[in-house]
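S.K.: I'll drop the sequence and a predicted model, then ask my questions.
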Amino acid sequence: MMIRYILQRIMIAIPTLLVISFVVFFLIQLPPGSFLDAKIAAMELEGGVDMAEIETLKNTYHFDRPMIVQYYYWITGFVTGDMGKSFETDVEVTRTLAELVPVTAAISLFTILFTWSLAIPFGIIAAVKRNSPLDYSLTFIGLTAMATPAFIIALIFQVVMQSLWPQFDPTGLISREYVNVPWSMAKFADLLKHLWVPVFILGVGGTAGMIRILRANVIDELKKQYVLCARARGMHPVKVILKYPVRVAINPLVSGIGSILPSIISGSMIISIVLGLPTLGPRVLQALMNQDTYLAASCVFIQCVLAVVGILLSDLLLAVVDPRIKFGGK
């Protein structure tokens, strides 16, 4: 039953992703002008237009062909693993992804682990100790964190760190003295010393939101009859909470995987700019502004693919976590 369900979802996902890829490619080229127009304007400001270079760009990237033809060359290359080159830097898109995705993915994955490791226990505690001073304290901290934009937290954090620890630079992931140095234990330790900064800042808001969601769901489950029956049978209170209510209440966290996977490679764009992180987000923003179609479209489309895969994974995990969910059930 599960294999059949997965095959059905894959068959639906293929035409869906094909439509999404065309929409992404179209939207990136929707603003007036093109990269070629911007290139000509930049050459005119520098003193002259190199027509040979312009013709080379036209022939290489098919700027003189209709958009549907340009899309065909891009999507066929994407499917075969050739994502083309960046219009602006003339660097292979795959090389850009290879340089920036590992750092972005590491920050995102550590942020997810940090968020879940705090949100799950604190959400359960807040539900069990509801309307207590601890619950009110967690509520106040959570609402404050959710209401404060992450980039504001980053700016405040930088000011505080400059006052308390002036010799530590919270921006970037590597100290200046290790930038051009080969990898060693000292450089890896310096990376870990900087890595916790974006993880903490990005995780604050997400942790607060998850705590509120999990708390509300656990409280709702604790009021149901099966919990009262389990307690009446003499089951240990901790086992009652972890085996039944938490297993059901955790569903929203599992279903959120569909939105988590795309963020693994995109990261937080504003935080990356504020902290000067070498992640993919600012590079994609620059590509969108410059209409660097191959780079921007490839990155955005990969996020769409991850979103579709994430939704499928979340559906499968929901069936594992919650036995009430059945594949093909009516």
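M.R.: Right, received. Where do you want to start? Numbering: from 1, shown residues only.
S.K.: check which residues of the top helix by length along the chain are buried.
M.R.: Longest helix in the chain by number of residues (criterion: DSSP state H): helix 185-222. By neighbour count with 16 or more other CB atoms under 10 Å, helix 185-222 contains the buried residues 190-191, 194-195, 197-219, 221-222. No exception for glycine: its C-beta is placed from N, CA and C like everyone else's.
S.K.: stretch 28-38 now?
M.R.: Residues 28-29, 35-36, 38 are the ones in stretch 28-38 that count as buried (16+ other CB under 10 Å).
S.K.: wait, doesn't residue 25 sit right on residue 71?
M.R.: Yes: the pair residue 25 / residue 71 is scored as a contact, 4.8 Å apart, by CB atoms under 8 Å.
S.K.: neighbour count: the two, which is higher?
M.R.: Neighbour comparison, residue 25 and residue 71: the larger count goes to residue 25, with 25 against 20 (by other CB atoms under 10 Å).
S.K.: for the more buried one, what are its contacts?
M.R.: Neighbour list for residue 25: 67, 70-71, 74-75, 293, 297 [criterion: CB atoms under 8 Å, 6 or more residues apart in numbering].
S.K.: now do it against residue 96, distance only.
M.R.: Distance of residue 25 to residue 96, given as CB to CB, to the nearest Å: 18 Å.
S.K.: over to residue 23?
M.R.: Taking CB to CB, one finds residue 23 at 23 Å from residue 96.
S.K.: cool, and residue 79?
M.R.: With distances taken as CB to CB, residue 79 is found 19 Å from residue 96.
S.K.: those two: who's more crowded?
M.R.: Applying other CB under 10 Å to residue 79 and residue 96 shows that residue 96 carries more neighbours, namely 21 against 10.
S.K.: quick check: next helix or strand after the host helix or strand of the more buried one?
M.R.: Residue 96 belongs to helix 93-128 when assigned by DSSP states H and E. Heading C-terminal from helix 93-128, the first helix or strand you meet, by DSSP H and E, is helix 133-147.
S.K.: next, the buried residues of that next one.
M.R.: Residues of helix 133-147 classed as buried by neighbour count (16+ other CB under 10 Å): 135, 138-139, 142, 145.
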